[in-house]
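Trainee: let me see the structure of the following:
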Amino acid sequence: MGQLALAAKITHVPSMYLSELDGPRKGTRQDAIEGHLEIDRRCRAAGVDTIVVFDTHWLVNANYHINCAPHFKGLYTSNELPHFISNMGFEFPGNPALGQLLAKVCNAHGVETLAHDATTLNPEYGTLVPMRYMNTDQHYKVVSVSALCQAHYLNDSARLGWAIRRAIEDEYDGTVAIFASGSLSHRFAQNGLAPEYAFKIWSPFLEQLDRHVVHMWEQAEWKDFCTMLPEYAAKGHGEGFMHDTAMLLGALGWTDYDGKAEVVTPYFGASGTGQINAIFPVTPQTGAAIPAAQASSAQGYTNINQRL
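Mentor: Below is the predicted model of the structure:
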């Protein structure tokens, strides 16, 4: 059957795009770009045909969603930072069959998920920025998963990650990489102070917290990290409430995960936020530690098919 060949936590800071352009920021994010290029090299060496991105810029208020259109092409301007990303071109193929399979298996695991293949919806920049550096030749098919989850449980996101792995390894005929596209702490600099914090973390507390988390990842302290993840997401201003990270670790086995993270772009500051590129080795797992479905077991729950 299929293979989950690579897993990573990646940055998507828009200053990477600015770093390409003439001006004062030119070349300033080359280390982050090189990290993406290294991850791309690892994916190609592993025979990856599709990249699944857990995108913390795709905001959703209900259910989990998968964008698996057949093809993506366009010009993108960020509604959040239009002075950073403006009219950025993108084009790459999607993977409708895999997207539909992922949704099917997620639903079978009790995590309500909708796949969208006949859609005009384009990916957000949590997907577009890394694909700019890893997929300029359209080598990979791309599937984007909503990970800015406004009213969701981290346990369900972990379970979704495990269901995605099961779909890939049990039913997909191909090789897949998964990326949690989001920062660590995500406290932007206060308005008016952005230039001062272009290469810094907003506060010493957040920087020390992030650095301790990276150390935990490198030492495989996954039980402690998964236990503290809800509080880290809240007090550490985790991007997307850290749902991308919960999805990633769910796919890797959650508290039973035993791999050590390999940092390929060291921790750095960007507009007050904490960023990194790190590869997480995929190790054999039974799924015994994966949390039970939470939303679908709540009193009053009804399936989406009964509500629409």
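Trainee: which SS class is His12?
Mentor: Secondary structure assignment for His12 (DSSP: H, G, I helix; E, B strand; the rest coil): coil.
Trainee: equivalent analysis for Ala62, please.
Mentor: Applying three-state DSSP: Ala62 is coil.
Trainee: and it, what is it in contact with?
Mentor: Ala151 (CB atoms under 8 Å, 6 or more residues apart in numbering). (Glycine included, C-beta is placed from N, CA and C.)
Trainee: and Asn95, by the same measure?
Mentor: Contacts of Asn95 by CB under 8 Å, 6+ apart are 50, 68, 141-143.
Trainee: quick one, strands of the stretch 1-150 of the chain?
Mentor: Along the stretch 1-150 of the chain, the stretches classed as strands by DSSP state E, counting those that start in this stretch are 3-10, 50-60, 64-67, 71-76, 88-93, 113-116, 141-149.
Trainee: and stretch 99-117, what's its mean pLDDT?
Mentor: Per-residue pLDDT over stretch 99-117 has a mean of 98.
Trainee: contacts for that stretch next, please.
Mentor: Contacts to stretch 99-117, defined as CB under 8 Å, 6+ apart, come from residues 52, 63-70, 94, 96, 143, 145, 156, 159-160, 162-164, 166-167, 170-172, 292-293, 295-297, 303-304.
Trainee: could you rerun that using 6 Å?
Mentor: Applying CB atoms under 6 Å, 6 or more residues apart in numbering, the contact partners of stretch 99-117 are 63-69, 96, 143, 156, 159-160, 163-164, 166-167, 171, 293, 296, 304.
Trainee: one step back: distance to Pro281 and pLDDT for the contacts of Asn95 - can I get that in TSV?
Mentor: Formatted as TSV, the contacts of Asn95 follow (distance: CB to CB, whole Å; pLDDT from 0 to 100):
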residue	distance to Pro281	pLDDT
Thr50	19	99
Cys68	27	98
Lys141	23	99
Val142	23	99
Val143	22	99
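Trainee: wait, Ile51 touches Lys141, no?
Mentor: No. Counting by CB atoms under 6 Å, Ile51 does not reach Lys141; the two are 7.5 Å apart.
Trainee: how near is the closest residue to Met242 other than its chain neighbours to Tyr133?
Mentor: Once flanking residues are discounted, Met242 sits nearest to Ala233: 3.8 Å by CB to CB, 6 or more residues apart in numbering. Going from Ala233 to Tyr133 by CB to CB, to the nearest Å gives 27 Å.
Trainee: do Leu114 as well
Mentor: For Leu114 relative to Tyr133 (CB to CB), the value is 29 Å.
Trainee: the two: which is more packed in?
Mentor: Under the criterion of other CB atoms under 10 Å, the comparison of Leu114 against Tyr133 puts Tyr133 first, with 19 against 16.
Trainee: these two touch, right, that one and His36?
Mentor: Yes. Using CB under 6 Å, Tyr133 is in contact with His36, at 3.9 Å.
Trainee: sec struct for the residue nearest the centre of the chain, please.
Mentor: Geometric centre of the chain, nearest residue: Ala180, 2.2 Å, by CA atoms, centre = their mean. Secondary structure of Ala180, reduced to three states by three-state DSSP: strand.
Trainee: so what's it up against?
Mentor: Counted by CB under 6 Å, 6+ apart, Ala180 has contacts 9, 54, 244-245, 248.
Trainee: one more time with 8 Å
Mentor: 7-10, 54, 147, 244-245, 247-248.
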